[in-house]
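heads up, no residue letters with this:
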């Protein structure tokens with residue numbers, strides 16, 4: 001697989017994140033397979049998995065030094081699962097955000 005220099009950097013960063021999560025969890029993370037082309041937003045709901053999203057959420061929490069991502073009043077797992085994997089929910093959330101910006 002021949003990659004552009006930018007994609008090579010992205011793969012290297014992704015591999016480092018993978019290793020960090022492997023160390024954190026003490027097991028193999030469940031990531032989508034790295035491909036030459038990125039997954040386009042039109043295909044997120046088809047090609048991304050809850051398990052891969054969960055690993056990304058854990059990485060997000062670690063990077064931001066968060067105590068957790070699922071607690072009273074906040075559930076990033078549910079939010080991102082629904083937002084990314086459910087087109088109807090995504091449209092509803094986007095409409096709410098657009099309304100909030102207008103007010």
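Structure received. Treat the numbers as computed from the prediction; the structure is a model and nothing was measured.

Which parts of this protein are strands?
In the chain, the segments counted as strands under DSSP state E are 70-71, 74-75.

Parallel or antiparallel, list what pairs with the first one.
Looking back up the chat, that one is strand 70-71. strand 74-75 (antiparallel) (DSSP bridges).

mean confidence score for the strand it pairs with?
Averaging pLDDT along strand 74-75 yields 92.

and if you look at stretch 1-20?
Mean predicted confidence for stretch 1-20 is 93.

Repeat that for stretch 48-60.
94.

In that stretch, which residues are buried?
Buried positions in stretch 48-60, judged by neighbour count with 16 or more other C-beta atoms under 10 Å: 48, 52-59. Every residue, glycine included, has its C-beta placed from N, CA and C.

how near is residue 82 to residue 43?
From residue 82 over to residue 43 the distance is 17 Å, taken as C-beta to C-beta, to the nearest Å.
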